[in-house]
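A structural model of the following input is requested.
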Amino acid sequence: MYPEKELYREMSFISYYFHWSSEDVMRLDHSSRRRWCEEISQINSSLTPSENKKKEKSILEFGRRGR
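As a prediction, the model looks like this:
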């Protein structure tokens, strides 16, 4: 079973950036949600104008303690 905390983290990330409803995000399977999180993270990285600014982390980097 997929951890509930991780599910909500992915859902909130996608909903925040794409303004999708929770129902729309829940209809996605796990691999699709992860893919959208990766795509959003890449967009955020490409829009970072300066290396001096604090770089926004990818949603996929959260919760990776000790991995």
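
Now the residue nearest in space to the middle of the chain: which helix or strand?
Note on the chain: the residue nearest the mean C-alpha position is Cys37, at 3.4 Å, using CA atoms, centre = their mean. Following DSSP states H and E, one finds Cys37 within helix 30-47.

That helix packs against which elements?
Helix 30-47 is packed against helix 4-18, with contacts defined by 3 or more CB pairs under 8 Å, 6 or more residues apart in numbering; DSSP states H and E. The C-beta positions use only the backbone N, C-alpha and C, and glycine is treated the same way.

The lowest-mean-pLDDT helix or strand in the chain to helix 4-18, inter-axis angle?
When each helix and strand of the chain is scored by mean pLDDT, DSSP states H and E, helix 30-47 comes last, with a mean of 90. Interaxial angle, helix 30-47 versus helix 4-18 (axes from the mean of the first three to the mean of the last three CA atoms, to 10 degrees): 50 degrees.

Output helix 30-47 in PDB with nothing but the alpha carbons.
Output in PDB follows, covering the C-alpha atoms of helix 30-47 (Å, rounded to 0.1, in the frame of the first residue of the first chain):
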ATOM      1  CA  HIS A  30       0.600   6.300  -8.900                       C
ATOM      2  CA  SER A  31       3.100   6.400 -11.900                       C
ATOM      3  CA  SER A  32       1.200   9.300 -13.500                       C
ATOM      4  CA  ARG A  33       1.200  11.300 -10.300                       C
ATOM      5  CA  ARG A  34       4.900  10.800  -9.900                       C
ATOM      6  CA  ARG A  35       5.500  11.700 -13.600                       C
ATOM      7  CA  TRP A  36       3.600  15.000 -13.200                       C
ATOM      8  CA  CYS A  37       5.600  15.700 -10.000                       C
ATOM      9  CA  GLU A  38       8.800  15.200 -12.000                       C
ATOM     10  CA  GLU A  39       7.600  17.400 -14.800                       C
ATOM     11  CA  ILE A  40       6.500  20.200 -12.500                       C
ATOM     12  CA  SER A  41       9.900  20.000 -10.600                       C
ATOM     13  CA  GLN A  42      11.800  20.300 -13.900                       C
ATOM     14  CA  ILE A  43       9.700  23.300 -14.900                       C
ATOM     15  CA  ASN A  44      10.500  24.900 -11.600                       C
ATOM     16  CA  SER A  45      14.200  24.200 -12.000                       C
ATOM     17  CA  SER A  46      14.300  25.600 -15.500                       C
ATOM     18  CA  LEU A  47      12.600  28.800 -14.300                       C
END
